[in-house]
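Student: sequence first, then the predicted structure, then my questions.
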Amino acid sequence: MNQFATPVPLTGERAALEPLTADHADGLRAVVAEGDLHTTWYTRIPAPAAVEAEIERRLDLQRQGLMAPWVVRRRDTGAVCGATTYMNVRPADRKLEIGSTFLAPSAQRTGVNAEAKLLLLTRAFEDLGCHAVEFRTHWHNHQSRTAIARLGAKQDGVLRNDQVMPDGSLRDTVVFSITASEWPAARNGLRHRLSR
C-alpha cells in the first residue's frame, strides 16, 4: 500500500486532521462560503456548489495513489475549518507536496494552520522518511508565500507561466521546500510559534 497517499488521523492541541470523506461536504461548503473564500482570483478554491465534485476529485486521486486528502477541524469548537493534502506524491523519490490547502478566514491566525503543517511535516519526515517536502503557490498569493516562509521553507524558484487559471490568466508558481536536513530547525521553529 502507498503510505504517501494514505491519510491517517493526525491530532494536535489546536487542529485535528481527518481523512477526507463525502460526509465532510456540509462542513467544507460552510468553509468556502465564509467570506466568499472561493472568489479569490489567484486560488482554486471550490465554490459551495462545487464542493462535492472537489471531494470526489480528491478521493479519486487518492484511489490512484496520487494524493492523501484531509479535512482540518478546530479542536476548540470541533468545526471543520479547511482542507489540505499530500499531493504530487513520489514514494520512490521520498518526496511530496503539501498543497490544495484552504482555511476558513475565522480559523486564520489562530495557530490551526501552523499546527496542521507541523502534523503533516512530522508525518512526512518522521514516519514516511521524506527527503524533501514542497509547497507551491501563486506569485500573487502574498499571504500564502509569507505563511510558507514562516514554516521554515526556503524558496527554490519561480515557474513562469506555469498554469492557466480558470479565468484564463497565467500563473507564475513559486516553489518552496523543506529538506530532511532542515526539518529539525523548522520543527523547532513551529513548536516555538505554537508555544506562545
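Tutor: Nice, thanks for sending it over. Residues are numbered from 1 along each chain as shown.
Student: show me where the chain has its strands.
Tutor: 10-11, 15-19, 67-74, 80-90, 95-103, 132-138, 154-164, 170-179 (DSSP state E).
Student: so how far is the last one off the chain centroid?
Tutor: Just to be clear, that refers to strand 170-179. Relative to its parent chain, strand 170-179 has a centroid offset of 13 Å by C-alpha atoms, centre = their mean, to the nearest Å.
Student: tell me, what's the model's pLDDT at the residue in the chain sticking out farthest from the centre?
Tutor: Largest separation from the mean C-alpha position in the chain: G168, at 24.0 Å (C-alpha atoms, centre = their mean). If you check G168, the pLDDT there is 92.
Student: how close does it sit to Y42?
Tutor: Per C-beta to C-beta, to the nearest Å, G168 is found 13 Å from Y42. The way it works is simple: take the backbone N, C-alpha and C, and place the C-beta from them, glycine included.
Student: ok, G111 next?
Tutor: 25 Å.
Student: neighbour count for the two, which is higher?
Tutor: Taking neighbours as other C-beta atoms under 10 Å, G111 and Y42 compare with G111 leading, 19 against 16.
Student: the more buried one touches R74, doesn't it?
Tutor: No. In this structure, G111 is not within contact of R74 by C-beta atoms under 8 Å, at 10.1 Å.
Student: on that earlier part again, I'd like the strands of the chain written out as TSV, with mean neighbour count and distance to A47 added.
Tutor: Putting the strands of the chain into TSV (neighbours: other C-beta atoms under 10 Å; distance: least, C-beta to C-beta, whole Å) gives the following:
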stretch	mean neighbour count	distance to A47
strand 10-11	16	28
strand 15-19	22	23
strand 67-74	24	18
strand 80-90	23	14
strand 95-103	21	12
strand 132-138	22	18
strand 154-164	12	19
strand 170-179	18	19
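Student: now distance to N2 too, for the ones you listed, in TSV please.
Tutor: Below are the strands of the chain laid out as TSV (distance: least, C-beta to C-beta, whole Å):
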stretch	distance to N2
strand 10-11	17
strand 15-19	14
strand 67-74	9
strand 80-90	7
strand 95-103	11
strand 132-138	16
strand 154-164	25
strand 170-179	21
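Student: quick check: neighbours shared by G111 and R74?
Tutor: Common neighbours of G111 and R74, counting by C-beta atoms under 8 Å, 6 or more residues apart in numbering, are R14, A15.
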